[in-house]
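S.K.: based on what follows, work out the 3D shape:
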Amino acid sequence: MLNLLVLLSALLSPLLGALVAAHAQTDLTKFHTFRNRLWNEHGLVGPKYSLKESADWGFGYFNATSAVGGPTEIRSFVLFTIASPATTPKVLPALLSSLFSLGGQPSAQQTNPFGKWTMLTEHLIVGTTNSEAQAACLDRALQGKYLHKCYDLDHEYNLELQDVATLSKSKLHAHTVAVSRIKALVDIVSLGYDVLYFDPHHIFFQNPLQYLYTYTRAHLVVSPTPASKCKKLVIPPGGQLPEDHHKLDLIFMRSGSGTFRCLYNWIYHVTRNDASVDDRPLDHFTFRRVMQECMNALGPELLAVEYLDPTAFPADCHTQCGCANDAPAAALPNGDCSREVMDKWVGFLFSCAGNSTNLFQSMSRYASMYTNATGKPAGL
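M.R.: Numbers count the residues shown, from 1 in each chain. All right, here's what the predicted structure looks like:
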């Protein structure tokens, strides 16, 4: 019997290897076809009409007053996230609810183009991975309440992606969604808008725009690297970005010439250089290289990169109760987090939830815990 198994293994191994190689080659061909469609003889293809329409009808104005120096100014902005079929039943409504509940009423700091006070959800563009997610995003009751926009995020190439929370299980999907995301960000910035991108693994407790416009000044503000954990990364002018993996769960981009130039370099780098679908995710592992070169070439006046404070934007991969004094904050005896720590939360990231079911459970638990401790609505 053992000899038979050895013989079968020897016979099947080359066949299995050939099947794996053929599948990898098919994935690579799909990816190369996708990335090549982003360019023509004149350069990078322009924004899709549907994205331009979503941004032009959904953008808002924010009265930005900086607490770290700089003039008071009115900035035009949009928000952007991604939804897949597994996230649309519960996670997307929970995310929309958390954004909608901030402050409990329209904010005078943000208005639509006609000067009317708005809720943040009115300025959110949801990029959907396939027609199923698009239909759920366009649900009449959901869209009627939150007034968000729904955008076809390259359905032809992302349609098989069912759960953004398990994205890393497919290199092909990780690559196509990465490129789709970068292209959308380049397009939105090229239209003249600031853009706040966040993965759907977030729940918000305070207005993230108010925090970002008040306490940051860099052209690009990104989530901390996983290696930094609870320590705030501070990059001096002309300094070097950390070599660490950048997950980019949240990216805030102030529109400007330097921002657009460096985003253009980023999309060029990930689409015009040879890459295998077995490589690490193209956006995570190319951001640092491209942005460092751009910072060196343009100088901090045109491009600076800043990292979010993990005290305000903690992540469940490193701490269950946020951060305090550069270390994970301790939980109370009942397992809840302290009011003192929660008062500092702007958003919480659940990138280690594993799947959309666990993600929604975490979002619900933290929303209830926050509301019970602070008395402030968390939306869920």
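S.K.: quick one, what contacts V177?
M.R.: Taking CB atoms under 8 Å, 6 or more residues apart in numbering, we find V177 in contact with I82, T129, L153, N158, L161, V164, L167. From N, CA and C alone the C-beta is placed, and that goes for glycine too.
S.K.: in this structure Y215 contacts A67, no?
M.R.: Yes - look at Y215 against A67 with CB atoms under 8 Å: they come within range, at 5.9 Å.
S.K.: what's the neighbour count on P328?
M.R.: 18 (other CB atoms under 10 Å).
S.K.: to clarify, my last question referred to D244.
M.R.: Based on other CB under 10 Å, the number of other residues close to D244 is 13.
S.K.: which of Y215 and A67 has more neighbours?
M.R.: Y215 (16 against 11).
S.K.: so how far is L303 from that one?
M.R.: Relative to L303, Y215 is positioned 19 Å away (CB to CB, to the nearest Å).
S.K.: also T88?
M.R.: 35 Å.
S.K.: residues near Q134, how many?
M.R.: For Q134, the neighbour count with other CB under 10 Å is 20.
S.K.: can you give me the helices in the stretch 1-150 of the chain?
M.R.: Residue ranges of the helices in the stretch 1-150 of the chain, as given by DSSP state H, counting those that start in this stretch, are 2-36, 49-58, 91-101, 131-137, 140-146.
S.K.: can you tell me which of these the model trusts least?
M.R.: For the helices of the stretch 1-150 of the chain, mean pLDDT drops lowest on helix 2-36, to a mean of 58.
S.K.: OK, contacts around the nearest residue to L349 once chain neighbours are set aside?
M.R.: Closest residue to L349 apart from its sequence neighbours, by CB to CB, 6 or more residues apart in numbering: A315 at 4.2 Å. Going by CB under 8 Å, 6+ apart, A315 touches S223, P224, D249, F348, L349, F350, S351, C352.
S.K.: show me which of those are buried.
M.R.: The neighbour-count test (16 or more other CB atoms under 10 Å) applied to these identifies S223, P224, D249, F348, L349, F350, S351 as buried.
S.K.: just those residues now: which is nearest Y366?
M.R.: If you rank the buried ones among the contacts of A315 by distance to Y366 using CB to CB, F348 comes first, at 5.7 Å.
S.K.: now do whichever helix or strand that closest one is part of: which elements does it pack against?
M.R.: Assigned by DSSP states H and E, F348 belongs to strand 347-349. With contacts taken as 3 or more CB pairs under 8 Å, 6 or more residues apart in numbering; DSSP states H and E, strand 347-349 sits against strand 202-204.
S.K.: who touches L303 in this structure?
M.R.: Contacts of L303 (CB under 8 Å, 6+ apart): H219, L220, G258, T259, R261, C262, M291, C294, M295.
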